[in-house]
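# What shape does this take:
(one chain, ligands or ions: 1)
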Amino acid sequence: MSTQNQSLPATIGNLQEVDAGMQFNEVFFALAILAFVILVIMEKKRPYRHFTNAVGKASFITNTTAFVFNNILLTVLRASSLFFIAQQFSYIGILSGLSSGPVKWVLSFILYDLAIYVWHVASHHYEFLWRFHKVHHSDKSFNVSTGFRFHVFDLFLEIPYKCLFVIIIGVEAHLVLAIETVELLFIFFHHANLSFKKEAALSNFIITPSLHRTHHSADRKEHDSNYGIVLAFWDKLFGTRKEVVPGKIGLDIIEAENFLQLFFLAFVTERHIRKILEIIPKGRKRT
Ligand SMILES: [Zn+2]
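Below you'll find the model as predicted:
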């Protein structure tokens, strides 16, 4: 019966659901911003790591500019696309046979978190994806605003991937927005420049700032680790967990700081830079 309803063209009921989804979207966005503000205040009071004022300021300005240009539009586009796809196709996914309830919600969340973990691993391993994802890693500071610092194409490419998984998993429309909210809150949380009691114990279950700080190390061996977003389980299972305090945060080869430089940075790979340096003749030293 419900399968038939899903395949019917848009009805008034469907439109009301879309409307409810959009309202949920606004709540979702407001919640995320509130969490951001709380974390910024906490970081100011008790920062875990001390960055110079210049680095901290440049990071915050660049990241919030990136947020204004990229995230507002793409977060809304992502949430709307996922809601629409889930509404149309959730009845064909792996979990579609289960009736709606806590078991289905938890399973949906676990599989969705795994899907994002896999995307994150791919973003580090394939040069085509890394060229966009490295913009996120180029921050020399590590603070809650780093959670905004994404290349517009990094966010954009993630949308069809997530839509595909919503169909494969069979996540319900309203649930997908709730899961996205939890994922976004965790992105803010694990980028926070904070440390707290029992963090080590908590990191056995969820991704904490200390684990994600290793992921922002300038050392490639260290930043190719701790890919998880919410659950710490995936890194343990696939052997990608590392618990080290990074010596340096950021990426050595990248000096771009403002938003425009960051945008174009994605189109220049390390290989390009080496080639350019080879072409340019070395100048003679003046005496
Ligand atoms: Zn990463």
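# Tell me where this structure has helices.
2-7, 12-45, 53-66, 72-89, 102-125, 127-137, 152-169, 173-191, 199-202, 209-215, 220-223, 233-237, 259-265, 270-279 (DSSP state H).
# closest one to Ile249 among those?
The closest of the helices of the chain to Ile249 is helix 209-215. By C-beta to C-beta, the value is 7.4 Å. No exception for glycine: its C-beta is placed from N, CA and C like everyone else's.
# Nearest residue to the spatially most central residue of the chain in space, please, no chain neighbours.
In the chain, the centroid-proximal residue (C-alpha atoms, centre = their mean) is Ile187; its distance is 5.9 Å. Leaving aside its chain neighbours, Ile187 sits nearest to Gly147 (4.5 Å; criterion: C-beta to C-beta, 6 or more residues apart in numbering).
# least reliable of the helices of the chain going by mean pLDDT?
Mean pLDDT values for the helices of the chain show the minimum at helix 2-7, a mean of 44.
# before we move on, back to that, distance of the residue nearest to the centre of the chain relative to Ile207?
According to C-beta to C-beta, to the nearest Å, Ile187 and Ile207 sit 10 Å apart.
# picking up where we left off before, doesn't Phe186 make contact with the residue nearest to Ile187?
No. Gly147 lies out of contact with Phe186 (C-beta atoms under 8 Å); the separation is 9.2 Å.
# Give me the more crowded residue out of these two.
When neighbours are counted by other C-beta atoms under 10 Å, Gly147 and Phe186 differ, and Gly147 comes out ahead with 25 against 21.
# Run through the residues that contact the more buried one.
36, 63, 187-188, 191 (C-beta atoms under 8 Å, 6 or more residues apart in numbering).
# 6 Å instead, please
187-188, 191 (C-beta atoms under 6 Å, 6 or more residues apart in numbering).
# Same list (those residues) but as JSON lines, adding distance to Cys163.
Formatted as JSON lines, the contacts of Gly147 follow (distance: C-beta to C-beta, whole Å):
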{"residue": "Ile187", "distance to Cys163": "19"}
{"residue": "Phe188", "distance to Cys163": "23"}
{"residue": "His191", "distance to Cys163": "25"}
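# Phe36: neighbouring residues, count only.
Neighbour tally, Phe36, other C-beta under 10 Å: 22.
# repeat for Asp224
Residues contacting Asp224 under the criterion other C-beta under 10 Å number 15.
# for the one 5 residues further on, same thing?
A count of nearby residues for Ile229, using other C-beta under 10 Å, gives 22.
# again, but for Ser81
Neighbours of Ser81 (other C-beta under 10 Å): 17.
# give the contact list for it.
159, 163.
# what about it, distance to Ala178?
Taking C-beta to C-beta, one finds Ser81 at 16 Å from Ala178.
# re the thing from before, could the helices of the chain be laid out in JSON lines, adding distance to Leu251?
Formatted as JSON lines, the helices of the chain follow (distance: least, C-beta to C-beta, whole Å):
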{"stretch": "helix 2-7", "distance to Leu251": "45"}
{"stretch": "helix 12-45", "distance to Leu251": "22"}
{"stretch": "helix 53-66", "distance to Leu251": "13"}
{"stretch": "helix 72-89", "distance to Leu251": "23"}
{"stretch": "helix 102-125", "distance to Leu251": "12"}
{"stretch": "helix 127-137", "distance to Leu251": "5"}
{"stretch": "helix 152-169", "distance to Leu251": "15"}
{"stretch": "helix 173-191", "distance to Leu251": "16"}
{"stretch": "helix 199-202", "distance to Leu251": "25"}
{"stretch": "helix 209-215", "distance to Leu251": "12"}
{"stretch": "helix 220-223", "distance to Leu251": "8"}
{"stretch": "helix 233-237", "distance to Leu251": "21"}
{"stretch": "helix 259-265", "distance to Leu251": "10"}
{"stretch": "helix 270-279", "distance to Leu251": "9"}
